[in-house]
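**Student:** using only what follows, build the 3D model:
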Amino acid sequence: VGSSSEERAILVGLESGEGTFEAESRLAELEELTRSAGGKIAGKSLQHRKTINPKTLIGLGKLQELVSLAYHEDADLLVFDRELSPGQAREIESFTRLKVLDRTQVILDIFAQNARGREAQVQVELSQLNYQLTRLSGRGSQMSRLGGGIGTRGPGETKLEVDRRRIRTRISALETEVDSISRQRSETRKNRRRGRTPVIALVGYTNAGKTTLFNKLTESMQLAEDKLFATLDSVTRKNKNPEHGPILFSDTVGFISDLPTQLIESFKATLDELKS
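**Tutor:** Down below sits the predicted model:
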């Protein structure tokens, strides 16, 4: 989302027993995710509840507060720090008349923005379609009125309103392509092991500086940005310091707490590089 169409978001957190520090940390992480997706933070709200409301996650009183806050802050989007069920998302949208996203949708959107190579694009589309498949029933009109912006980007965008059969067919084709990628990467790793060249994988939190370090170690020019999940394509290069002999360094996707299972499964081919 460019600055001219930047969405103003209210972030919504829930603390239901894990402790205030943990809940506030999740909300701070959600703030970084939303900014990386192109949103502007208009406000934040954290509710403390002993039990989760099965229909709306948070209480109706809190939802009323959010409607008022969104009106005063000219916000058009609510972003929840937990994954919402399809039913919860429908109830909240119906009650607030605002666009509603959860943490998983924001992360998927960031991945869609940053997927540059074919491998990453295939894995992101597979993740998006698996997520949306269970959320299509009864949401066609709501999906249509959401329009553009966060949560609607990427290869999966044009497939939200097609029937389940076509989506499953597309998922099957993508899974076949991911399997092919996995086999190719497996062969590459076998060749490396036969060559007995040490392989070091750079692992850590997203935006921790892995790509910057990778560039220093290998004298590469991989894109390093101060944003979450800027690196999605796994890259392996040889070190440029002959004193220590040849070493292969692998730069790969970063991690974050509660990374969506759809992404972990779809990015198996890329994450397998960590087994090198």
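**Student:** and the closest residue to Leu60 other than its chain neighbours, what helix or strand is that in?
**Tutor:** Using CB to CB, 6 or more residues apart in numbering and skipping the chain neighbours, the partner closest in space to Leu60 is Phe95 (7.4 Å). Backbone N, C-alpha and C define where each C-beta goes, glycine included. Element membership of Phe95, judged by DSSP states H and E, is helix 86-96.
**Student:** which residues does that helix contact?
**Tutor:** Outside helix 86-96, the residues that touch it by CB atoms under 8 Å, 6 or more residues apart in numbering are 54-57, 60, 63, 66-67, 70, 78, 84, 99-100, 102, 134-135, 137-139, 142.
**Student:** phi, psi of Gly254?
**Tutor:** phi -80, psi 170 (degrees, to the nearest 10).
**Student:** next, count neighbours for the closest residue to Glu6 other than its chain neighbours.
**Tutor:** Nearest residue to Glu6, sequence neighbours excluded (CB to CB, 6+ apart): Lys40, at 4.9 Å. By the criterion of other CB atoms under 10 Å, Lys40 has 14 neighbours.
**Student:** residues touching Lys40, list them.
**Tutor:** 6-9.
**Student:** swap in Glu22?
**Tutor:** Counting by CB under 8 Å, 6+ apart, Glu22 has contacts Glu15.
**Student:** tell me the spacing between the residue nearest to Leu60 and His48.
**Tutor:** 20 Å (CB to CB, to the nearest Å).
**Student:** who has more neighbours, those two?
**Tutor:** Applying other CB under 10 Å to Phe95 and His48 shows that Phe95 carries more neighbours, namely 16 against 11.
**Student:** give me the low-pLDDT residue ranges for the stretch 101-250 of the chain?
**Tutor:** 137-149, 151-163, 192, 195, 223-233, 241-242, 244 (pLDDT under 70).
**Student:** look up phi and psi at Glu119.
**Tutor:** Taking degrees, to the nearest 10 as the convention, Glu119 sits at phi -60, psi -50.
**Student:** what number of residues lie near it?
**Tutor:** With other CB under 10 Å as criterion, Glu119 counts 20.
**Student:** so what's the residue count around the residue nearest to it when sequence neighbours are not counted?
**Tutor:** Nearest residue to Glu119 in three dimensions, chain neighbours excluded: Ile181, at 5.6 Å (CB to CB, 6+ apart). Ile181 is flanked by 18 other residues according to other CB under 10 Å.
**Student:** quick one: the strands in the stretch 51-200 of the chain?
**Tutor:** When secondary structure is read from DSSP state E, counting those that start in this stretch, the stretch 51-200 of the chain shows strands at 77-80, 99-102, 199-202.
**Student:** could you dump those strands to a markdown table with distance to Leu263 and mean neighbour count?
**Tutor:** Shown next, in a markdown table, are those (distance: least, CB to CB, whole Å; neighbours: other CB atoms under 10 Å):
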| stretch | distance to Leu263 | mean neighbour count |
| --- | --- | --- |
| strand 77-80 | 18 | 25 |
| strand 99-102 | 14 | 24 |
| strand 199-202 | 18 | 16 |
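**Student:** would a markdown table of the ones you listed with distance to Glu243 be doable?
**Tutor:** Converted to a markdown table, the strands of the stretch 51-200 of the chain look like this (distance: least, CB to CB, whole Å):
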| stretch | distance to Glu243 |
| --- | --- |
| strand 77-80 | 49 |
| strand 99-102 | 49 |
| strand 199-202 | 16 |
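**Student:** right, and Thr236 touches Leu248 too?
**Tutor:** Yes - when contacts are counted by CB atoms under 8 Å, Thr236 is listed as touching Leu248 (5.4 Å).
**Student:** these two: who's more crowded?
**Tutor:** Thr236 (20 against 17).
**Student:** name the element the more buried one belongs to?
**Tutor:** strand 235-238.
**Student:** partners of that strand in the sheet?
**Tutor:** strand 248-251 (antiparallel) (DSSP bridges).
**Student:** pull the CA atoms of the strand it pairs with into PDB?
**Tutor:** What follows is strand 248-251 as a C-alpha-only set of coordinates in PDB (Å, rounded to 0.1, in the frame of the first residue of the first chain):
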ATOM      1  CA  LEU A 248      28.900 -22.000   2.300                       C
ATOM      2  CA  PHE A 249      26.600 -19.600   4.000                       C
ATOM      3  CA  SER A 250      22.800 -19.800   3.600                       C
ATOM      4  CA  ASP A 251      20.500 -16.900   4.100                       C
END
